[in-house]
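Trainee: Provide a 3D model corresponding to the input given below.
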Amino acid sequence: MTIRVLIVDDQIMVREGFSVLLNAMPDIEVVGEAVNGREAVRQVEALRPDVVLMDIRMPEMNGIDATREIVAADGDAKVLVLTTFDLDEYVYQALRAGASGFLLKDASARQLAEGVRVVAGGEALLAPTVTKRLITEFAKTAETARPPALAQVGDLTERETEVLVLIAQGLSNGEIASHLVVAESTIKTHVSRILVKLGLRDRTQAAVFAYEARLVTPG
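Mentor: Numbering: from 1, shown residues only. The predicted structure is shown next:
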């Protein structure tokens, strides 16, 4: 099945470059482009792409607001944020807004294509070393330990809370299973229940939540 992609960036060179790279992949097709967030929202509604590659800093409507609108309109929408710098406060805000992950604009063709495939498959693009550092840096100044967040934590079982902490530390399902000495299928069940109970989309948002609820201490 071909993965349909919408590229959103105000720089034509970026849009054309990514379009060439992705269209060269046998399983990926670029179905549209947008120059700002407002146009992106319209294009998503019209084209229903599988993945949206979203720049953050754009005129008229930025990528954060566009991501928030797209996700609010379609809970299954998958947005992959593009950024020049990995340690970027706006990327952190985009993850909170519902983005499934992020990629650096200097990513290789292989990394770009694999990122699109991962997000299209329903997984979060959560690179432990980079995303953990990003969340750790900006969770320090974020609106942390909000009462609703803490109340939701109380809905989790002790084991689910333990799994959530390990997710925030960047561990995969297999690594969590090894750490807790249980089957990987059991961890997948825990992860699904955690996401449902907390009303979260994916592992990236789960990691952000864990930091904001102070289950994991930044630093």
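
Trainee: any idea how far the residue positioned nearest the centre of the chain lies from residue 179?
Mentor: Most central in the chain under CA atoms, centre = their mean is residue 100, positioned 1.9 Å from the mean C-alpha point. Distance, residue 100 to residue 179, using CB to CB, to the nearest Å: 24 Å. C-betas here are computed from N, CA, C, even on glycine.

Trainee: Which pLDDT does the model give the nearest residue to residue 216 once chain neighbours are set aside?
Mentor: The shortest distance from residue 216 to any residue other than its chain neighbours is 4.5 Å, reached at residue 168 (CB to CB, 6 or more residues apart in numbering). pLDDT for residue 168: 82.

Trainee: you'd agree residue 168 is up against residue 210?
Mentor: Yes - between residue 168 and residue 210 there is a contact under CB atoms under 8 Å: 3.6 Å.

Trainee: Please enumerate the helices of this protein.
Mentor: Assigned by DSSP state H, the chain shows helices spanning 12-23, 37-47, 63-73, 89-97, 109-120, 128-139, 147-153, 158-168, 173-180, 184-198, 203-212.

Trainee: Please name whichever of those is nearest to residue 6.
Mentor: helix 37-47 (5.6 Å; CB to CB).

Trainee: For the closest one, which residues meet the burial criterion?
Mentor: Neighbour counts over helix 37-47 (16 or more other CB atoms under 10 Å) mark 37, 38, 39, 40, 41, 43, 44 as buried.

Trainee: what touches both of residue 168 and residue 210?
Mentor: Common neighbours of residue 168 and residue 210, using CB atoms under 8 Å, 6 or more residues apart in numbering, are residue 216.

Trainee: Not counting sequence-adjacent ones, nearest residue to residue 190?
Mentor: residue 163 (4.6 Å).

Trainee: Isn't the one you found up against residue 189?
Mentor: No - contact status for residue 163 versus residue 189: not in contact, 9.8 Å apart, counting by CB under 8 Å.

Trainee: Please identify which of these two sits among more neighbours.
Mentor: Higher neighbour count among residue 163 and residue 189: residue 163, with 27 against 14, using other CB atoms under 10 Å.

Trainee: Next up, the contacts around that one.
Mentor: Residue 163 neighbours (CB under 8 Å, 6+ apart): 176, 180, 187, 190, 191, 194.

Trainee: Now do it, the pLDDT please.
Mentor: Value listed for residue 163 in the pLDDT field: 95.

Trainee: Quick check: residue 89 vs residue 215, distance?
Mentor: 21 Å.

Trainee: Which residue of those two possesses the greater neighbour count?
Mentor: residue 215 (18 against 14).
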